[in-house]
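Student: predicted model and sequence follow; I will ask about them next.
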Amino acid sequence: MSGAVSTLHWSGDRANRFETNPSTREPAWVRRTILGLSLTFFAIFLLLPLITVFAEALRKGLETYWTALIEPDALSAIKLTLIAAIIAVPLNLVFGVMAAWAIAKFDFRGKYLLITLIDLPFSISPVVAGLIYVLVFGAQGWLGPWLFEHDIKIIFAIPGIVLATMFITVPFIARELIPLMQAQGREEEEAAVVLGANGWQTVWHVTLPNIKWGLLYGVILCNARAMGEFGAVSVVSGHIRGETNTLPLHVEILYNEYQFAAAFAVASLLALLALVTLVIKNWIEFQANRTSKETQ
Amino acid sequence: MGTVRRSRVLPGFNLSLGYTLAYLSLIVLVPLSAVFLKTATMTFDQFWEVVTAERVVATYKLSFGASLLAASINAVFGLMLAWALVRYHFPGKKIVDALIDLPFALPTAVAGISLTALYAPNGWLGQYLEPLGIKVAFGPLGILVALIFIGLPFVVRTVQPILEDMEAELEEAATSLGARRWQTFRYVIFPILLPALLTGFALAFARAVGEYGSVIFIAGNIPMVSEITPLMIITKLEQYDYTGATAIATVMLIFSFALLLIINGLQAWASKRTGREY
């Protein structure tokens, strides 16, 4: 289910070859209709919602906007969102490299089952993802009584939020690296080992330079999801203001309290994060494209 | 048995596979098994009573219906968008191409409140739709709009690479054999795109069925009218009915697994037809 994240693809704009070729060209009215319909659809369903976030955020003026961002609850939500991402992304990065190394560089039984299992979090509703941690760590859960005795809080506390975030983002980097490393084969690493490099040197000097753009791509998308996750985190958070609220949960609370301008102000921060993610993503695509052209 | 086992030159097999399995078990598989073990503590009659309750069945119908419809709409417009992005020049194309991924990058809660503001009776679009008697926000139509938003990139991003890889020769051959442009599309291009299009459709559908964040703000969440299945789980949890929540989660999980198998099958079909790895 790799389509669940857009994988790094290297393509230049080659529309010319279709537009100038009489047998791949549509009549002008067909072209205009397709362009008109698809771009209108794009504008209504993608562009307008994005513009709305910023318009609503600035509706009551810059001062209200700024106040909403620097009040203590917002700051603590920003902090918690960063904590969750700082823990979840590196752990899933290590997992992704390990999983891709095992899957791409070796043959073993059950490989495709393993890939399917890695994909699982993509196909599970975020709400169910949150629920499973409540069933394990919650007061009535498997470990609930033991955790209570030892005074450890996981559900309705920060560890639960981190765990739920990790669950949701498990496949992102692995799914980016597996096809990339499979396509690159094993010869380069095998040559390095035969020439006397140890495992660590091989990974560091041979594999990593080959996969760096794919890796970065996975990290960027993983981070965006980790910071923006709502459903799973909402189930395990308990919505304690100033303590267990991430940015998306803070948006929800403000919205439900009819503080629309404040809700959209905080939301605009997340929208900015999304835009920055998309810019970096495009920059990576550009770099990867250039690198692949140089090596050809 | 007669095959020679290739010796492993590369190091780290045990470490990397062991780590992968341990991490996956700890974070995903063991917690996930809790759902099934918890469900196993119910009798079948109890389970059946929870998952076929009238209010819950209404959510299945809405969740599946709206997701199917949204994925279908995305299949049509996603194909057109992918076509336009690959085959035509137009101003702002780079920006459009980049923004297609917005639903992947934008947190669902942000999408939810933004769409609600847009389609509310006093919103930019809502103010024109309201006099026409079209109520989008706080009803089932709003759910559809949210699901269209989150599903669109799945279709575009699965179809687009196939279109890009397609060589002009095929269409030139069709033209030289006397095919009209529509016939070329219908009998040459479309069959090549179909597996990818169905994969994109299935991915959008799978995502839509489980979606929560973007939907709950715009849905209005009226029992029997605009409640989605994930919301039922939340509702049960808020009533401390963990068993009930788990029973519904089991239904959703079984459905997700089935869909995952179908999607894997579709992708195998697609890569066989186009020779492209997924």
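Tutor: Thanks, I have it. Numbering: from 1, shown residues only, chains lettered A, B, ... in the order given.
Student: and residue 198, how many neighbours?
Tutor: No chain was given, so I picked chain A. 11 (other C-beta atoms under 10 Å in any protein chain shown). Placement of C-beta: from N, CA and C, glycine included.
Student: my question was about chain B, not that one.
Tutor: 19.
Student: does it belong to a helix or a strand, and which?
Tutor: Element membership of B:Leu198, judged by DSSP states H and E, is helix B:190-210.
Student: what residues sit buried inside that helix?
Tutor: B:192-210 (16 or more other C-beta atoms under 10 Å in any protein chain shown).
Student: what does the helix or strand following that helix contact?
Tutor: Following helix B:190-210 in sequence order, the next helix or strand is helix B:213-219 (DSSP H and E). For helix B:213-219, contacts defined as C-beta atoms under 8 Å, 6 or more residues apart in numbering or on different chains pick out A:126, A:230-231, A:234, A:248, A:252, A:255, B:107-109, B:111-113, B:115-116, B:119, B:136-140, B:142-143, B:145-147, B:149-150, B:226-228, B:230-231.
Student: which SS state does B:Phe90 fall under?
Tutor: At B:Phe90 the chain is in coil, as set by DSSP: H, G, I helix; E, B strand; the rest coil.
Student: burial count for the closest residue to it other than its chain neighbours?
Tutor: Using C-beta to C-beta, 6 or more residues apart in numbering or on different chains and skipping the chain neighbours, the partner closest in space to B:Phe90 is A:Leu35 (5.9 Å). The number of residues packed near A:Leu35 is 18, by other C-beta under 10 Å.
Student: and what of A:Arg225?
Tutor: A:Arg225 has 24 neighbouring residues, counting by other C-beta under 10 Å.
Student: neighbours around the residue lying closest to it once chain neighbours are set aside, how many?
Tutor: Distances taken as C-beta to C-beta, 6+ apart put A:Thr169 closest to A:Arg225, at 5.2 Å, once the chain neighbours are dropped. A:Thr169 has 28 neighbours, counted by other C-beta under 10 Å.
Student: which residues does residue 247 contact?
Tutor: I'll assume chain A. By C-beta under 8 Å, 6+ apart, the neighbours of A:Leu247 are A:77-78, A:81, A:227-228, A:266, A:269-270, B:107.
Student: nope, chain B please
Tutor: So B:Ala247 contacts B:39, B:42, B:46-47, B:50-51 (C-beta under 8 Å, 6+ apart).
Student: and B:Asp97, by the same measure?
Tutor: B:Leu85.
Student: return the per-residue confidence for it.
Tutor: B:Asp97 carries a pLDDT value of 94.
Student: gap between the host helix or strand of B:Leu17 and the chain center?
Tutor: If you go by DSSP H and E, B:Leu17 is part of helix B:13-24. The chain centre lies 29 Å from the centre of helix B:13-24; the measure is C-alpha atoms, centre = their mean, to the nearest Å.
Student: what is the burial count for A:Ala57?
Tutor: 25.
Student: hmm, I typed the wrong one, I wanted A:Arg186.
Tutor: 16.
Student: where does the stretch 151-278 of chain B get nearest to chain A, which residue?
Tutor: B:Gly210 (3.0 Å; C-beta to the nearest C-beta).
Student: quick one: contacts for that residue?
Tutor: A:123-128, B:230, B:252, B:256.
Student: which of these sits closest to A:Leu278?
Tutor: Closest approach between the contacts of B:Gly210 and A:Leu278, by C-beta to C-beta: A:Pro126, at 21.6 Å.
Student: mind listing what that closest one touches?
Tutor: The contact partners of A:Pro126, by C-beta under 8 Å, 6+ apart, come to A:168, A:229-232, B:210, B:212-213, B:230.
Student: quick check: which element contains A:Glu189?
Tutor: Per DSSP H and E: A:Glu189 is located in helix A:187-194.
Student: list the buried residues in that helix.
Tutor: A:189-190, A:192-193.
Student: next: stretch A:28-48.
Tutor: A:31, A:34-35, A:38-39, A:41-42, A:45-46, A:48.
Student: span of stretch B:8-27 from start to end?
Tutor: This stretch, stretch B:8-27, spans 29 Å end to end (C-alpha to C-alpha, to the nearest Å).
Student: and that stretch, how far out from the chain's middle?
Tutor: So, by C-alpha atoms, centre = their mean, the centroid of stretch B:8-27 is 30 Å from its chain's centroid.
Student: and for stretch B:101-117?
Tutor: Worked out by C-alpha atoms, centre = their mean, stretch B:101-117 lies 15 Å from the chain centre.
Student: A:Phe108 is in contact with B:Gly18, isn't it?
Tutor: No. With contact defined as C-beta atoms under 8 Å, A:Phe108 does not count as touching B:Gly18 (11.8 Å).
Student: for these two, indicate the residue with more neighbours.
Tutor: B:Gly18 (13 against 10).
Student: kindly provide the distance from the more buried one to A:Thr116.
Tutor: According to C-beta to C-beta, to the nearest Å, B:Gly18 and A:Thr116 sit 19 Å apart.
Student: quick revisit: what's the average pLDDT for the helix holding B:Leu198?
Tutor: The model assigns helix B:190-210 a mean pLDDT of 93.
Student: ok, stretch A:106-126 next?
Tutor: Stretch A:106-126 comes out at a mean pLDDT of 91.
Student: now it: buried residues?
Tutor: A:106, A:114-126.
Student: might one say that A:Leu254 is in contact with A:Ala262?
Tutor: Yes. Using C-beta under 8 Å, A:Leu254 is in contact with A:Ala262, at 4.7 Å.
Student: any shared contact partners between the two?
Tutor: The contact lists of A:Leu254 and A:Ala262 share A:Ala68, where a contact means C-beta under 8 Å, 6+ apart.
Student: so is the helix or strand B:Lys236 falls within next to chain A?
Tutor: Of the helices and strands defined by DSSP H and E, B:Lys236 is found in helix B:229-238. Yes. Applying C-beta under 8 Å from any C-beta of the partner chain, one finds helix B:229-238 touching chain A at B:229-231, B:233-234, B:237.
Student: thanks again, I'm all set now.
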